[in-house]
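Participant: Build the 3D model from these lines:
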Amino acid sequence: MTATVRVVLPASLQQLAKISPDGEIDLAVAGTVSTCAIIDMLERRYPALRGTMRDQDSKRRRRFIRFFACQQDVSHQAADEPLPRAVVEGREPFIIIGAIAGG
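Facilitator: This next block holds a predicted model:
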């Protein structure tokens, strides 16, 4: 089964991948829709994004990147854990945010 997932990227990654900043990307994801599956497809479709959201060797999320599904931070859940049905069905977007640190 292939799902069409709505993905929102931060402006910096949109610019890097040369994606028009008009909002969401529709991304076809086969099999289980998980954070890992979405990032795999984004990196395949937009090679300039490789290594920007996760380490290429360990596949661990980059420290200042956060993933949200249904308004919940899913950054710390297992990368292969299925995402909520609303994301899989395209009713809610999968949002990637560049976190800011400082004080």
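Participant: alpha carbons only for contacts and neighbour counts from here, please
Facilitator: Fine.
Participant: Leaving out chain neighbours, which residue sits closest to Gly31?
Facilitator: In space, and not counting its chain neighbours, Gly31 is closest to Met1: 5.6 Å by C-alpha to C-alpha, 6 or more residues apart in numbering.
Participant: which strands and helices sit next to the helix ranked longest in the chain?
Facilitator: Ranked by residue count, the top helix of the chain under DSSP state H comes out as helix 35-45. Applying 3 or more C-alpha pairs under 8 Å, 6 or more residues apart in numbering; DSSP states H and E, one finds that helix 35-45 makes contact with strand 25-30.
Participant: Now do the strand it packs on against helix 35-45: the angle between them, please.
Facilitator: Inter-element angle recorded for strand 25-30 and helix 35-45: 110 degrees (by axes from the mean of the first three to the mean of the last three C-alpha atoms, to 10 degrees).
Participant: Can you list the strands that strand 25-30 pairs with?
Facilitator: Based on DSSP bridges, the strands next to strand 25-30 in the sheet, each with its direction, are strand 2-8 (antiparallel).
Participant: buried sites along the strand it pairs with?
Facilitator: Under the neighbour-count criterion of 16 or more other C-alpha atoms under 10 Å, strand 2-8 has 3-8 buried.
Participant: Now do that strand: distance to the chain's middle.
Facilitator: The chain centroid and the centroid of strand 2-8 are separated by 10 Å, computed with C-alpha atoms, centre = their mean, to the nearest Å.
Participant: Identify the residues contacting it?
Facilitator: Strand 2-8 is touched from outside by 23-31, 33, 87-90, 92-96, with contacts defined as C-alpha atoms under 8 Å, 6 or more residues apart in numbering.
Participant: Is the residue nearest to Gly31 in contact with Val88, as I believe?
Facilitator: No. Counting by C-alpha atoms under 8 Å, Met1 does not reach Val88; the two are 10.8 Å apart.
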